[in-house]
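1. just the structure for this:
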Amino acid sequence: MLSNGLTSIGSLAFGDCSSLSSVNIPSSVTTIGNSAFRQSTSLASFSVDPNNPYFVSISGVIYNKSVSTLVEVPGGFSGNFTIPSSVTSIGDGAVSSCAYLTSITIPNGLKSIGNSAFYMTCVSSISIPSTVTTIAANAFYGSNNLTSVTIPLGVESIGDFAFAQCANLANVSIASSVNSIGNYVFFECPQLSNVTIQSVTPPSLPSSSYTFTAEASGFEIHVPSSTAVSAYDAATGWCSYASEIVTP
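-> Have a look, this model is predicted:
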């Protein structure tokens with residue numbers, strides 16, 4: 001049990017504590033850092049003192065008091081997890097390194113997916129609602145069970161390394177609303193063979209782009225038309241992939 005009087009739990013403060021099985025957050029805690037309990041794989045649940053004005057625990061998961069932000073899922077959580085409909089933000093590192101999580105249901109109304117939110121999580125599929133506008137850096141980094149991802153209409157930006165080192169990711173569809181794709185987003189995804197981008201206008205890429213690196217043999221980027229191929233071939237960052245940009 002953490003002692004009352006503690007006000008802050010830092011990022012990765014209890015990372016890799018493999019024997020930690022439960023944690024009580026006292027009423028005095030005002031901040032919990034990014035991935036504070038990452039890879040604590042025996043941690044089955046959190047409890048929060050009901051007098052804490054900043055955080056609440058529901059079914060062993062930490063949220064902010066108004067249940068609008070998912071703060072942290074315990075690393076030992078197993079089975080299916082449904083995020084409450086009131087949640088609009090998945091916090092930084094909130095679902096990271098959950099090795100026993102088999103599926104997750106994300107509510108319509110979610111707006112943002114934080115940095116490292118699903119870092120090295122074992123879910124095999126994820127449905128991102130159209131209300132999401134931002135997928136932050138490292139959001140799904142190392143999520144090796146993902147095989148396909150659809151970025152829906154509504155998402156505007158995808159951060160650096162968002163899907164990097166997803167070992168089994170093979171197919172990606174990116175909606176036309178996406179106007180910015182960061183660096184190393186699909187870095188070292190060795191099974192990635194097909195990325196379909198719906199926009200005729202190329203989303204911005206960094207000038208020295210390593211967005212797509214170490215993909216599968218025969219990797220292709222599909223864009224809507226021959227006119228779009230010409231636009232992508234001439235665009236900053238995209239010209240590095242000119243030989244791989246084709247029409248469907």
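2. C-alpha from now on. contacts and neighbour counts both.
-> Fine.
3. does residue 227 count as helix, strand or coil?
-> Put simply, residue 227 is helix when judged by DSSP: H, G, I helix; E, B strand; the rest coil.
4. which ones are touching it?
-> residue 200 (C-alpha atoms under 8 Å, 6 or more residues apart in numbering).
5. ok, it to residue 246 distance?
-> Plainly put, residue 227 is 11 Å away from residue 246 if you go by C-alpha to C-alpha, to the nearest Å.
6. hey, what's in contact with both of these two?
-> With C-alpha under 8 Å, 6+ apart as the test, residue 227 and residue 246 reach no residue in common.
7. which residues does residue 47 bridge with?
-> Here residue 47 sits in beta bridges with residue 24, going by DSSP bridges.
8. now do the contacts for it.
-> Going by C-alpha under 8 Å, 6+ apart, the list of residues near residue 47 reads 22, 23, 24, 25, 56, 57, 60, 61, 62.
9. switch the cut-off to 10 Å
-> By C-alpha atoms under 10 Å, 6 or more residues apart in numbering, the residues touching residue 47 are 1, 22-26, 55-62.
10. over to residue 207?
-> Going by C-alpha under 10 Å, 6+ apart, the list of residues near residue 207 reads 183, 235, 236, 237, 238, 239, 240.
11. let's see it at 6 Å
-> Counting by C-alpha atoms under 6 Å, 6 or more residues apart in numbering, residue 207 touches 236, 237.
12. okay, it: pLDDT?
-> On the pLDDT scale, residue 207 is placed at 88.
13. separation between it and residue 237?
-> Distance from residue 207 to residue 237, by C-alpha to C-alpha: 5 Å.
14. now, which of the contacts of residue 47 sits nearest residue 97?
-> residue 61 (14.4 Å; C-alpha to C-alpha).
15. now the closest one. Nearest residue, chain neighbours left out?
-> Spatial nearest neighbour of residue 61, excluding adjacent residues (C-alpha to C-alpha, 6 or more residues apart in numbering): residue 73 at 5.0 Å.
16. what segments of the protein are helices?
-> 226-234 (DSSP state H).
17. got a list of what the residue positioned nearest the centre of the chain touches?
-> With distances taken as C-alpha atoms, centre = their mean, the residue of the chain nearest its centroid is residue 139 (2.6 Å). Residues in contact with residue 139 (C-alpha under 6 Å, 6+ apart) are 115, 116, 117, 118, 162.
18. now those in TSV, with distance to residue 196 and pLDDT?
-> Formatted as TSV, the contacts of residue 139 follow (distance: C-alpha to C-alpha, whole Å; pLDDT from 0 to 100):
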residue	distance to residue 196	pLDDT
115	24	96
116	24	96
117	24	96
118	23	95
162	17	98
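19. selection in PyMOL covering whichever of these are buried, please.
-> The following PyMOL line selects those of the contacts of residue 139 that are buried, judged by 16 or more other C-alpha atoms under 10 Å:
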select buried, resi 115+116+117+118+162
